[in-house]
Each structure stands twice: as structure tokens, then as C-alpha cells.
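S.K.: Coordinates for the following, if possible.
(chains A and B)
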Amino acid sequence: MSQINNIIKLIESNNNCKITLPDCKEEVEVKRYDIASLNTINNIFTKTDSNEIVLDYYKYLIKLVKNRINTNLSYLDFLFILLYIRYNENDTYENNPLKDSIDNVYEDISSFELPEQIDFTDGSVKYTVNFELPDFEKIQAVIKLCRNNAADVLFYTVFKFVKDITVEVGEESTTAETVQDLKKVYNVVSYKALDNINDKVDKITSKLYNLYKVNIETDTGFFISA
Amino acid sequence: MKLNLLTYNDVENVTKIIVNNNIEGLFEFCSKYNNVIELLLNFKNTLFENKETISVNVSVDNFKGDIILDRKDSLVNLPEDKTHDVIVGNLKLQIGFPVIKYKNFELNKLTCIKSVDGFDLKDDDIIQLVESMPIAMYKEVYDYIENNVISNLNNVYLYYTKNELYRNKFEFTLEGIINLFVTLCKYDIEYLTKIKLILIKEGNFNLQDFNYITVEQANIFYKLLKELYDESDK
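M.R.: A predicted model of the protein is given here:
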């Protein structure tokens, strides 16, 4: 008689790893990355719509962490959990040792700085944009607003780093702070304004790459190669 | 391990599978066996039932014809059907030989896992087990099975001749299993059907009886029946 339930319990009880989160400094115990998760990624990549693949991949990463951690993490800790569970199963990526990435995060995380506020004018509209590293709740709220199209993929990758946007036209001024309001602004901003914002977001993602030595969220090969 | 011979119905079934290229039927047939070693041994025992030698048709670049094989030259290097324990991570796995059940041969390979820390595992539960495994553990188990079980199976020869050109190697893949069937089960389906019909019509056999006799035995019954009829005609 098969005792599969006992076997699965046994595997699961040996299936956690302890991680000291580099940003909040707390120790958490998370379930390791398993074959079922890998199968889910494989299913994502059988889809034909590239926007759907990218968005589903972002959602997959969020769910991977959400299924393991109950607390609201910082973005840096969110990325670190992803890095660590990948490292725990396969300690290299593209011939680079991921231990170096982990050590680098612990060493350099405190020096991570966000770009300063930017102000620019587009025609008669004046924009003031502040940036932030989103927390875990915010990225979940942002992804919830995204549908399967290129514009929404860009909204997720750029606007999750936007803390608020103040738009001034003449004497009138309004500030968008919630993700819902930021989406409304995103839907109407010009390409020029978006370019200005994107320039700063590129700097954030470059700094994140320098910290983690891998584009954890955007490099779709990272988890599939585990 | 039950060691049997392929029955008349088995051979007829296998022959139909080959003729109709029926992959579903192939898996259904193979899944009756506890593992691949049992299947291979049953093939071997059936081939040499009441025979010292068999002839196998060979077609290679510079030679087309039959070669004569004796028992020691057929299904050579068959590993002994036994299990052993191995520690992976901090779990003790009992490893045996795989079954042929899934179209995905990676899954078939993992049916080598017979128990985990003393808890028995059914072949049907292998997908559930694999999905719960951390990836590093899966890789370690898979590599172990590949290097210590599958490599032994892939060292089996369906027939082994001094001239290496004529050798036919087994492989634990879908193609390898098809090759096993095609190479070692060369019967004429029309002949099998004819003998069966004669034995049912003239020899009072029923369909179930063919689950208990081999082709060799059916041939003996057929010859006896023919002798009886020839006698009565005189």
C-alpha cells in the first residue's frame, strides 16, 4: 500500500530554508523551490502572447513569495527571497556563482539610494515625480491593475517605482499617490513625460542589477534554469 | 518477482501493437510488469522456451540475413532485479528498477524510487512525489538513478555478437522499448490468428485459455490436433 501522504509530509518537513533578510534583518523560514513551481513556469512559457508571458511571470514571482511569507516585505527583501530560493536549488546562473550575489546584497544594501525627485515640463504641464522602492503590497496592487498588453507591462515595470506625481497646469495642481490614481495619470501622460520618468527608473533598475548581479524580476531565464 | 513466459495472448497483443504502431497499447502491455527487468526476462524465457537457439534477422550496411543466437547471446548483461538504499539529502530512498507506465520516460525513470524513509511508494504516486520535491533534491535523485540504474539497463544487449556491427543494444527510452518488441517478437499476426481459430473451433479451446498457454505450447496442441485429424482421415 502506498504511503504517499506520509512521504510528502516527510519531504515538506525537510523542505524549508532559513533566510536572514538583508533589509529588515529578520530571519524567516521559507519553503524551498519545488518541481511543481518549475512546472508552473513551463506552462507560462507555452503561451503565445509575449505580454501575457511577461505579466504572468511577474505574477508568478509575486505568488512564489506570497505563498511563503505573510508579512509585508520591502522590495529589496522580496528580490532577495527570490534570489535565495533560486540559489538554494542551483547556486550558479549563467556560470556566475549566486553566492557572490548574496554576499554583495548583504554588504551593499545599506548604500542603496533612490534617485532624487525630478521636475520637468512638457508643453504647459509641469510634472514633479518622486520615486520609491515599492513594498510587497504595492507591487501586488500594481500588478492587479495590469491587463495583457504592452502598455500595462510598461506600467508595472516603471510605475511601481513611482511614489507620487504632481501635475501642474497653470494655477491648478493635483497629486496622484495611490496606484489607481497613478494608473490614471500613466494612461494620459505623453511619451516625452514617460521618457523622463523612465530615465530615472532605468537608474533604479541598474542599481538593483549592481546590487543583485542579476535582473531577478525581468530575466525570465533566472527561475526556469534552476 | 513473478517469472513467467509471454502467453499466446501476450504475443498476439504485442504483435498487433507492432503492426498497428499502437503506442498506447505498448504502455498498457508494459505496465503489467513490476519492472523492466521482469519484462526483459519474460521476453528471454519466451524466446528460449524449448529452444536452444533462435534466429534473428539482421540488416546492416554490408550484411542482410539471419544470425543464430543461443541463450547466453540474447538479452545479455541483464542486471539482477534487486533494490538498494541510498541517502539523498536526509532521506533514505529504496531504489529498484523502473516500470514502463508513462509516455514521459523521465517519469518512468523516477519509478525506480520504491520507498522513502521506509514508506512504500506506488508507481501511480510518482508525479505527486516529484512535484513536492525541491529542485536540488530532484536533480540529485534523477542523476543517481540515471548513473546507477538506467546506465546499467542501457548496457543490456538484445543480442550480442562477436562482430560489433551486428550487436543490438537496449535503451531505456520509448524507441528502445519499441526496438525490443520489434526485434524479439517477430510473429506473423495472420498465423497467430489462424492457429487460435483452429484451436477454438476444433480443439475446444476458449479465448481465456490463451492467457495460460504460450505460442510454443499452442503450436504443440495444433500439431497434435492435426495428427489426430490426419489419423482419422486415414
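S.K.: Would you mind naming what in chain B lies close to chain A?
M.R.: Where chain B comes near chain A, counting by Cβ under 8 Å from any Cβ of the partner chain, the residues are B:89-91, B:116-117, B:119-122, B:124-125, B:128-139. In short, each C-beta sits where N, CA and C put it, glycine included.
S.K.: Without its sequence neighbours, what residue ends up closest to the spatially most central residue of chain B?
M.R.: For chain B, the residue whose C-alpha lies nearest the mean C-alpha position (Cα atoms, centre = their mean) is B:Leu39; its distance is 3.4 Å. In space, and not counting its chain neighbours, B:Leu39 is closest to B:Tyr33: 4.3 Å by Cβ to Cβ, 6 or more residues apart in numbering or on different chains.
S.K.: Same check on B:Phe43?
M.R.: Among residues not flanking B:Phe43 along the chain, B:Leu184 sits closest, at 5.4 Å (Cβ to Cβ, 6+ apart).
S.K.: just B:Ile87 next, same as before
M.R.: Closest residue to B:Ile87 apart from its sequence neighbours, by Cβ to Cβ, 6+ apart: B:Leu93 at 7.6 Å.
S.K.: Determine the next helix or strand in the C-terminal direction from whatever helix or strand the one you found lives in.
M.R.: Here B:Leu93 is covered by strand B:91-95, with elements defined by DSSP states H and E. Per DSSP H and E, strand B:91-95 leads on to helix B:105-110 as the next helix or strand towards the C-terminus.
S.K.: next SSE after that next one?
M.R.: Counting by DSSP H and E, the next helix or strand C-terminal to helix B:105-110 is strand B:113-116.
S.K.: That next one: partners in the sheet, and parallel or antiparallel?
M.R.: strand B:91-95 (antiparallel), strand B:119-120 (antiparallel) (DSSP bridges).
S.K.: and of the ones you listed, who's closest to B:Phe170?
M.R.: Closest approach to B:Phe170 among the strands paired with strand B:113-116 is made by strand B:91-95 (19.4 Å; Cβ to Cβ).
S.K.: Send me that closest one as PDB with only the CA atoms.
M.R.: Provided in PDB are the C-alpha atoms of strand B:91-95 (Å, rounded to 0.1, in the frame of the first residue of the first chain):
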ATOM      1  CA  LEU B  91      16.000  10.900   3.300                       C
ATOM      2  CA  LYS B  92      16.700   7.200   2.800                       C
ATOM      3  CA  LEU B  93      15.400   6.100  -0.600                       C
ATOM      4  CA  GLN B  94      15.000   2.500  -1.700                       C
ATOM      5  CA  ILE B  95      15.900   2.200  -5.400                       C
END
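S.K.: Leaving aside the residues adjacent along the chain, what's closest to B:Ile95?
M.R.: B:Cys112 (5.2 Å).
S.K.: What strand or helix carries residue 137?
M.R.: This is for chain A. helix A:136-144.
S.K.: my bad, chain B
M.R.: Taking DSSP H and E as the criterion, B:Met137 maps to helix B:135-145.
S.K.: Tell me which residues of the longest helix belonging to chain B come out buried.
M.R.: In chain B, with assignment by DSSP state H, the single longest helix is helix B:215-233. Buried residues in helix B:215-233, counted by 16 or more other Cβ atoms under 10 Å in any protein chain shown: B:Val215, B:Glu216, B:Gln217, B:Ala218, B:Phe221, B:Tyr222, B:Leu225.
S.K.: What of stretch B:96-111?
M.R.: For stretch B:96-111, by 16+ other Cβ under 10 Å, it's B:96-102, B:105, B:107-111.
S.K.: do stretch B:127-137 as well
M.R.: Buried-residue list, stretch B:127-137, by 16+ other Cβ under 10 Å: B:Gln128, B:Leu129, B:Val130, B:Ser132, B:Met133, B:Pro134, B:Ile135, B:Ala136, B:Met137.
S.K.: for the record, mean pLDDT for it?
M.R.: Averaging pLDDT along stretch B:127-137 yields 93.
S.K.: Relative to the whole chain's centre, how far out is that stretch?
M.R.: Offset of stretch B:127-137 from its chain centre (Cα atoms, centre = their mean, to the nearest Å): 29 Å.
S.K.: Give me the contacts around that stretch.
M.R.: The contact list for stretch B:127-137 (Cβ atoms under 8 Å, 6 or more residues apart in numbering or on different chains) reads A:4, A:7-8, A:11-12, A:15, A:32-36, A:38-39, A:88-90, A:226, B:88-89, B:91, B:107, B:110, B:113, B:116, B:121, B:138, B:141.
S.K.: can you map out the strands along chain B?
M.R.: B:53-60, B:63-70, B:74-76, B:84-88, B:91-95, B:113-116, B:119-120, B:157-159, B:168-169 (DSSP state E).
S.K.: Quick one: low-confidence residue ranges for chain A.
M.R.: In the prediction, chain A carries residues with pLDDT under 70 at positions A:1-2.
S.K.: Can you tell me which residues in it are near chain B?
M.R.: So chain A meets chain B at A:1-4, A:6-8, A:10-12, A:14-15, A:32-36, A:38-39, A:88-90, A:226 (Cβ under 8 Å from any Cβ).
S.K.: 10 Å instead?
M.R.: Chain A comes close to chain B at residues A:1-12, A:14-17, A:31-39, A:85-86, A:88-91, A:223, A:226, as judged by Cβ under 10 Å from any Cβ of the partner chain.
S.K.: Tell me the buried residues within the residues you listed.
M.R.: Among the residues of chain A next to chain B, those buried by neighbour count (16+ other Cβ under 10 Å) are A:2-4, A:7-8, A:10-11, A:15, A:17, A:31-35, A:37-38, A:85-86, A:88-89, A:223, A:226.
S.K.: On the strand side of things, show who A:Phe126 bridges to.
M.R.: Slight slip there: residue A:126 is Lys, not Phe. Residues in a beta bridge with A:Lys126, per DSSP bridges, are A:Thr121, A:Glu168.
S.K.: Can you get me a residue count around it?
M.R.: If you count neighbours by other Cβ atoms under 10 Å in any protein chain shown, A:Lys126 ends up with 15.
S.K.: residues contacting it?
M.R.: Residues near A:Lys126 by Cβ atoms under 10 Å, 6 or more residues apart in numbering or on different chains: A:Asp119, A:Phe120, A:Thr166, A:Val167, A:Glu168, A:Val169, A:Gly170, A:Ser173.
S.K.: 8 Å - rerun?
M.R.: A:Lys126 sits next to A:Asp119, A:Phe120, A:Val167, A:Glu168, A:Val169 when contact means Cβ under 8 Å, 6+ apart.
S.K.: which one among those residues gets closest to B:Gln208?
M.R.: A:Val167 (85.2 Å).
S.K.: Averaging pLDDT per element, find the lowest-scoring helix or strand in chain B.
M.R.: Lowest by mean pLDDT, DSSP states H and E among the helices and strands of chain B is strand B:53-60, with a mean of 85.
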